[in-house]
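[1] Build me a model:
(chains A and B)
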Amino acid sequence: MNLNEIKPENFIENIVLEDLKNGKVNYVQTRQPPEPSGYLHIGHVRNIMLNYGIAKKFNGVCNLRFDDTNPTKEKQEFVDAIQEDVHWLGFDFKNVYYATDYFQQNYEIAIKLIKEGKAYVCDLSPEELSQTRGTLTQPGTNSPYRNRTVEENLTLFEKMKNGEFPAGKCCLRAKIDMSSPNINMRDPVIYRIQYNTHQRIGNTWNIYPSYDFSHPLDDALEGVTHSICGLEFEDHRPLYNWVVENSGIANHPQQIEYSNLMIKGVIIGKRHIKRFVAEGKISGFDDPRVYTLRGLRRRGVLPQSLLEFSKAASVSKTTTVCEMDFFEHFVREDLNKISKRVMAVLTPIKLIIENYEKDEEDIILEDYPQNENTTTRIYKFGKELYIDSDDFRKTPEPKFHRLLIGNKVRLKGAYVIEVTHFDEDENGNVTCIYANYDPNTKSGTANANNVKVKSTIHWLNVKHSQPIEARLFENLTLESEIQNGDYVFNPNSLIIKHGYIESGLNLSFDERYQFLRNGYYCLDKDTTNDLPVFNRTVTLKDSKKK
RNA sequence: UGGGGUGUCGCCAAGUGGUAAGGCACAAGACUUUGACUCUUGCAUGCGUAGGUUCAAAUCCUGCCACCCCAGCCA
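    Numbering: from 1, shown residues only, chains lettered A, B, ... in the order given. Just a heads-up that it's a prediction; the model follows:
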């Protein structure tokens, strides 16, 4: 999907931006505000599209703004990675800003608030503060420091800024209402002391504004008209408005919340991914089994598929948990159009065509059958072939219509064959299959369809095949809901197959491949040995049944 | 038990007083050099629930139920 095709109207309808619907507003400015504390994942795509698309639609701009107000969690590594990933998706933001850009202005507004008696320095320890905040059902109690004089607050805040207090000694709080039923309004902390070195501004500041203070201010300062965020911030909206209203800034952005997008069972949380990396169960944030953008990219997913998926998932305020099939549908749709069809056998077993007398024979295969102008290539048919052992059954299950004694099957691009007999070892494992072919059934010839078959299987000429390694990723998903308050995941989801692929192919990292019936693959960029290594993106639609 | 949200097919989701769009999944059939793709057909007498208003209700009103979020000097 081209970015120009993003149609945010639907989104706008959904999130009930009344003014926009009514045509009262014709300019919208948004921002994409990631905290650089982790990698972007599939859930971020829709947020990016939404912010970018709405601004574009309504003559405005969307800036990328890093919410970098907490140096204990953030790293330059993430700042860089987020920008890379955003570009990979195809977005080019007007400007790249940082919350730290606004620290001086944030500070001046804090001073203004103090002077107006709307903020005070509180010496309560974090524990005491927590205790006096009250509970969900009981109001909080006023801090004993709530009524300090403006002069005292100014002095204390200045000392905080100058690094004269240890971290945690005191903080700046907005003076709102300790008895509010909304806990966020019970004198929230808007500045805290923080001595960690910041990845961008080093040690220039000893005090850091909290999200609830800097975010609305930065939105307002930047000219944002609509501040779109997750549902978890609904309770923060009154505070957002309070901050903007008391800031003296003319621009008053409107915060709009909507549901985050999830996929059933998929691990997205940084917490879990970090844990699996630490436990050595996955290789990192780009492991193809996790749904970070980097993981998905390495797995072979195209950015336009992510955009299509996100668009189709729509936007609402209901809890959105899509099924895996819904996501994979969009991945397959794109991959099907552009993938190069290649013959591969992942669990090889020999097939001898007993009545085949010739040495070799040219078979014409289409590289991209979905493309009218597809190129073709020649492959060699012969007497001694590899097929996938999974395509044969001694005793077939119901509805199995690939190879079994007495059943006719087409070898892709070649002939219809019928199994005559097979060899097996002392354990009953099939070691070699023997078949006869029908010379009148060659694909593409006039009478190719005289014999109807229910299935076509892939094959390789033993003399014209090269070894490969195929990594089949099962999705890293929730194995069971919740146990002892924690999630239980299934990280043992990597299956490695040593098989064969056609020899003579010019393999490319930019290409996607479809191994017939096995799904869509791409070369793994981390390949270090000489053997081509393929990662499977998704399976073909029906191949997972069987 | 306080506050804020959400409830339309297995999943996502339109619908905003005029008699339930669409996509995914699923099922059946056609086609076939992939059991793919493509095509055709089917799939909510029902909109959390109980009442009420109305000629007419998923849409308006009232009660109830279920689920999610909030008590970081995180975002």
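[2] Can you give me the neighbour number for A:Glu384?
    By other CB atoms under 10 Å, 13 other residues sit near A:Glu384. In short, each C-beta sits where N, CA and C put it, glycine included.
[3] In space, what's closest to it - neighbours in sequence excluded?
    Nearest non-adjacent residue to A:Glu384, counting by CB to CB, 6 or more residues apart in numbering: A:Val462, 4.7 Å away.
[4] got a list of what the one you found touches?
    A:Lys350, A:Gly382, A:Glu384, A:Leu385, A:Tyr386 (CB atoms under 8 Å, 6 or more residues apart in numbering).
[5] Got a PyMOL select line for the buried ones in the residues you listed?
    In PyMOL, this line selects whichever of these come out buried by 16 or more other CB atoms under 10 Å:
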select buried, chain A and resi 350+382+385+386
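[6] State the distance from the residue nearest to A:Glu384 to A:Lys383.
    A:Val462 is 9 Å from A:Lys383, where distance means CB to CB, to the nearest Å.
[7] Also A:Arg471?
    In terms of CB to CB, A:Arg471 sits 32 Å off from A:Lys383.
[8] same question, A:Ile417
    Using CB to CB, A:Ile417 is found at 12 Å from A:Lys383.
[9] More neighbours: those two, which one.
    Neighbour comparison, A:Ile417 and A:Lys383: the larger count goes to A:Ile417, with 29 against 19 (by other CB under 10 Å).
[10] how close does that one get to RNA strand B?
    13 Å (CB to the nearest atom of the strand, to the nearest Å).
[11] same deal with A:Ser503?
    19 Å.
[12] Just to check, that residue is in contact with A:His464?
    Yes: A:Ser503 lies in contact with A:His464 (CB atoms under 8 Å); the separation is 5.0 Å.
[13] Of those two, which one has the most company?
    Ranked by neighbour count (other CB under 10 Å), A:Ser503 and A:His464 place A:His464 first, with 17 against 14.
[14] Tell me who's in contact with that one.
    When contacts are counted by CB under 8 Å, 6+ apart, A:His464 touches A:Tyr379, A:Lys380, A:Gly382, A:Glu502, A:Ser503, A:Gly504.
[15] go with 7 Å
    Contacts of A:His464 were listed using CB atoms under 7 Å, 6 or more residues apart in numbering, and they are A:Lys380, A:Glu502, A:Ser503, A:Gly504.
[16] where does the stretch 151-300 of chain A come near RNA strand B, residue by residue?
    For the stretch 151-300 of chain A, the residues in contact with RNA strand B (CB under 7 Å from any atom of the strand) are A:167-171, A:181-184, A:188-189, A:192-194, A:208, A:210-212, A:215, A:231-236, A:259, A:264.
[17] Could I get the phi/psi values of A:Leu505?
    phi -80, psi 140 (degrees, to the nearest 10).
[18] same question, the one 3 residues further on
    Here is the backbone geometry of A:Ser508 (degrees, to the nearest 10): phi -140, psi 140.
[19] what's the answer for A:Tyr513, then?
    phi -120, psi 150.
[20] Who does it form a beta bridge with?
    A:Lys340, A:Tyr521 (DSSP bridges).
[21] surely it meets A:Tyr521?
    Yes: counting by CB atoms under 7 Å, A:Tyr521 is a contact partner of A:Tyr513 at 4.7 Å.
[22] Kindly point out which residues are neighbours of both of A:Ile417 and A:Lys383.
    Common contacts of A:Ile417 and A:Lys383 (CB under 7 Å, 6+ apart): A:Ile353.
[23] And A:Glu151, how far from A:Tyr145?
    A:Glu151 sits at a distance of 14 Å from A:Tyr145 (criterion: CB to CB).
[24] got it, and A:Gly117?
    Computed as CB to CB, the A:Gly117 to A:Tyr145 distance reads 13 Å.
[25] ok, now A:Ile48?
    Taken as CB to CB, the span from A:Ile48 to A:Tyr145 is 42 Å.
[26] ok, back up a step: please list the members of the residues of the stretch 151-300 of chain A next to RNA strand B that lie in strands.
    Using DSSP state E, A:Cys171, A:Val189, A:Arg192, A:Ile193, A:Tyr208 are the members of those that sit in strands.
[27] List the residues that contact the second one.
    A:Val189 makes contact with A:Cys171, A:Arg173, A:Ser210, according to CB under 7 Å, 6+ apart.
[28] what's the answer for the third one, then?
    In this structure, A:Arg192 makes contact with A:Cys171, A:Ile207, A:Tyr208, A:Ser210, judged by CB under 7 Å, 6+ apart.
[29] Check the gap between it and A:Arg289 for me.
    Distance from A:Arg192 to A:Arg289, counting by CB to CB: 37 Å.
[30] So which residues on the stretch 351-500 of chain A come close to RNA strand B?
    So far as CB under 7 Å from any atom of the strand goes, the stretch 351-500 of chain A lies against RNA strand B at A:364-366, A:369-370, A:399-402, A:410, A:412-413, A:443-444, A:448-449, A:454-457.
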